[in-house]
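[1] build me a structure from this.
(chains A and B)
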Amino acid sequence: MTREVFSNIGLSLLFTLLIGNYVVDLEASHHVYERLSQSTNTESPSVNQRYRTGFHFQPPKNWMNDPNGPMIYKGIYHLFYQWNPKGAVWGNIVWAHSTSTDLINWEPHPPAIFPSEPFDINGCWSGSVTILPNGKPVILYTGIDPKNQQVQNIAEPKNISDPYLREWTKSTLNPLMAPDAVNGINASSFRDPTTAWLGQDKKWRVIIGSKINRRGLAITYTSKDFLKWEKSPEPLHYDDGSGMWECPDFFPVTRSGSKGVETSSFGEPNEIKHVLKVSLDDTKHDYYTIGTYDRVKDKFVPDSGFKMDGTAPRYDYGKYYASKTFYDSAKSRRILWGWTNESSSVDDDVEKGWSGIQTIPRKIWLDRSGKQLIQWPVREVKGLRTKEVKNLRNEVLKSGSRLEVSGVTAAQADVEVLFKVRGLEKADVIDPSWTDPQLICSQMNVSVKSSFGPFGLMVLASKNLEEYTSVYFRIFKARQNSGKFVVVMCSDQSRSSLEEDNDKTTYGAFVDINPYKPIPLRALIDHSVVESFGGKGRACITSRVYPKLAIGKSSHLFAFNYGSQSVDVLNLNAWSMNSAQIS
Amino acid sequence: MKMIKMMMMMMIMAMVVGVALGNIVDTTCKQTPDYTLCLSLLRSDPRSSSADTVGLGLILVDKIKALGTETLGQINAAYKTKPMLKRALDECNQRYKTIVDVDVHTAITAIKGNPKFAEGAVVDAGVEASVCEGGFPKGQSPLTGLTQRMGKICDVTRAIIRMLL
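    Purely as a prediction, here's the structure:
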């Protein structure tokens, strides 16, 4: 027996020696994460997870906010995101990391960037990836230093031949950009570096969000080698009164067609326009302006009618923030990611153990009018559509009617519907003071009858409509004898749940479409999120709802028309959606 | 004589500075929904005389924490005096623990560098208090004064944090 014990010990020691040989010295930078992961329960919360999504990206647990550094590298899509390893509220932020081959199914990896050096010891906040001309991706991100100042750092892949780019190293030159007495940058308002672009002079440019009092601005830095950066005397753009500019994004779009172009692209205004986007701290919305990039002065010039403040158009008129685009070189498209936070209370979030989702990535391009961007869920999401589909054709929705769309999993579905209205001369005239679609929608709920509208969908509805979320249109004449119309799209969450503590704000948007033509509406429904697209991506509204009755099999889907004129449903398709591997 | 002149100048300067700093509290509170409440909360804390906007916000977050803690004490006491309200008290207990342990912590962590998360936390504190109050049958809440006060303090705190956005 003693011999057995000795040989067991001997084998164990040998084993340990062998393992010890192959487990390489952990870099200092990994020790922090090891401690973090040991201290947190790695099990997914399992109790009562009725609100977790089936196909929207979210980590297994805890808090997530901004999408960071999205990119494609060697055919694999990467998403990093702000994540709290310790809980379901913001804090202790690291760059979590997942990869995908189709933007829909994701494989998680260990966090790529987490506090480890003075230049990020108090936080690794948002940033972007730039693909260098030699094909290597580098990350610029905001670190919080020991004095809680916001600085910009660089990280690059440790092993460029790892297709998953799991490990990243930080330069000893960090921070590359920091507030100081000379540049006068506000140390608590200097964050979110964008993807850099190459200027005509072969110098790199990057912009970082900032503010000076109430002036929001995009501070420009230039560099020849991507390591030594110089602050430009003037910002790329600014606006007085808009407050802090978070998560700026600056990218070119083709004047016509829906293809994307590489971030450093440039051309004449009949070929290439530029888009500047900011997230406004003040209003918690994302806004964009379309304009031209003056390469000589390094300035963004908005087209007439655009002002980079709260009056600018939004990507999404619901819960949508900190969005960021990247150029998908594999499919020649520009893709937009956006964070949607919870509309539940913090108490609920702590109880369910998670908070925050990403919307389905959207392809984004300039409308042929040049006046707005169009967004549409990437076509890969259609791969989740099952054969279980309900199709309706040429149904008339009389005034006051509701039509159930049965036979699909109403809590996890993709619905596309095409409406047609007739007799538009009967449309109500819009009150000229109604200039805010959100107010129009919140002051006129579905029980308020217009000639045309409300008509649309009731989603995540309970059988007897104790709970429902309605996504619908109203059509108004612009003026009494006008041939022009105003189409309003609403997402009404006011009856979405019997739960009292949810944020049930109603959302609304104008849809720039001709109501003489068929009116399209698409909704991606996924347990606690509804992404609605009106006019084939001309108006997008994302909302979060937490029904108590309309869950799982008890969730229903209706088309409805409570306006006084009847509405035709030319075509309606509803697919049950498979679940994706989201984490 | 020169000495006295110097001392007088210094005194006057100190007074001017003191008045100016005191005015920061005044001008800040004027931009909140409840000027009187704001003044009384801030002036009761000696730190307010030399605080910037972040500092004033932190003082008020402290008040939220203190009031939340006090309310938790009252909830505890109410279990004995009003056992028939156990269910509503349980809900309040949970909600107020979220205020004191989670919302306050988030607000303190975020207020300087990422104030929108501090704003969200303070708004949530008001929601939690409101939900707690709403859980009692009408007229039977033993906490009404406290939950209403929490709502008011959260409104004032939110207004100050919004100045940082």
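[2] looks to me like residue A:111 is in a helix.
    No. Under DSSP: H, G, I helix; E, B strand; the rest coil, residue A:111 sits outside any helix and is assigned strand.
[3] measure it to residue A:485 for me?
    The gap separating residue A:111 from residue A:485 is 50 Å, by Cβ to Cβ, to the nearest Å. In this view, the C-beta of every residue, glycine as well, is placed from N, C-alpha and C.
[4] ok, those two, which is more surrounded?
    residue A:111 (22 against 18; other Cβ atoms under 10 Å in any protein chain shown).
[5] so for residue 90, what's the pLDDT?
    I'll assume chain A. Residue A:90 carries a pLDDT score of 98 in this model.
[6] the chain in question should be chain B.
    Predicted confidence (pLDDT) for residue B:90: 98.
[7] show me the contacts for it.
    Listed by Cβ atoms under 8 Å, 6 or more residues apart in numbering or on different chains, residue B:90 has no contact partners.
[8] which SSE is it in?
    helix B:86-97 (DSSP states H and E).
[9] now do the contacts for the spatially most central residue of chain B.
    By Cα atoms, centre = their mean, chain B has its centre lying nearest to residue B:60, at 3.1 Å. Residues near residue B:60 by Cβ under 8 Å, 6+ apart: B:41-42, B:153, B:156-157, B:160.
[10] redo that, cut-off 7 Å
    With contact set as Cβ atoms under 7 Å, 6 or more residues apart in numbering or on different chains, residue B:60 has these partners: B:41, B:153, B:156-157, B:160.
[11] what stretches of chain A score poorly on pLDDT?
    Applying pLDDT under 70 to chain A flags residues A:1-48.
[12] run a quick neighbour tally on residue 78.
    The chain I'm using is chain A. Quick note: residue A:78 (other Cβ under 10 Å) scores 21 neighbours.
[13] looking at chain B here, not the other one
    Residues near residue B:78, counting by other Cβ under 10 Å: 19.
[14] dump the residue contacts of it.
    Here residue B:78 is in contact with B:85, B:89, B:142 (criterion: Cβ under 7 Å, 6+ apart).
[15] by neighbours, which of those wins?
    residue B:89 (24 neighbours).
[16] can you pull the contacts of that residue?
    Per Cβ under 7 Å, 6+ apart, neighbours of residue B:89: B:75, B:78-79.
[17] now residue B:94
    Taking Cβ under 7 Å, 6+ apart as the definition, contacts of residue B:94 comprise residue A:347.
[18] how far away is the residue nearest to residue A:267 when sequence neighbours are not counted from residue A:264?
    Excluding the flanking residues, the one nearest residue A:267 by Cβ to Cβ, 6 or more residues apart in numbering or on different chains is residue A:252, at 7.6 Å. As judged by Cβ to Cβ, residue A:252 and residue A:264 stand 8 Å apart.
[19] give me the buried entries from the contacts of residue B:60.
    B:41, B:153, B:156-157, B:160 (16 or more other Cβ atoms under 10 Å in any protein chain shown).
[20] out of these, flag the one nearest to residue A:278.
    residue B:160 (23.9 Å; Cβ to Cβ).
[21] ranges for the strands of the stretch 251-400 of chain A?
    Per DSSP state E, counting those that start in this stretch, the stretch 251-400 of chain A carries strands over the ranges A:272-280, A:285-294, A:299-302, A:321-328, A:333-340, A:354-355, A:357-358, A:362-366, A:373-377, A:385-397.
[22] name the residues of chain B found near chain A, please.
    Residues of chain B lying near chain A by Cβ under 7 Å from any Cβ of the partner chain: B:94-95, B:98, B:102-103, B:106, B:109-110, B:112-113, B:116-117, B:124, B:127-128, B:131, B:134, B:165.
[23] recalculate using a threshold of 10 Å.
    Residues of chain B lying near chain A by Cβ under 10 Å from any Cβ of the partner chain: B:54, B:91, B:94-99, B:101-103, B:105-106, B:109-121, B:123-125, B:127-128, B:130-132, B:134-135, B:162-165.
[24] so how far is stretch A:156-176 from its chain's centroid?
    Relative to its chain's centre, stretch A:156-176 lies at 25 Å (Cα atoms, centre = their mean, to the nearest Å).
[25] so how far does it reach from one end to the other?
    Using Cα to Cα, to the nearest Å, one end of stretch A:156-176 lies 14 Å from the other.
[26] quick one: that stretch near chain B?
    No. Applying Cβ under 10 Å from any Cβ, one finds stretch A:156-176 separated from chain B by no less than 14.8 Å.
[27] now do the buried residues in that stretch.
    A:156-157, A:164-165, A:167-168, A:170-171, A:174-176.
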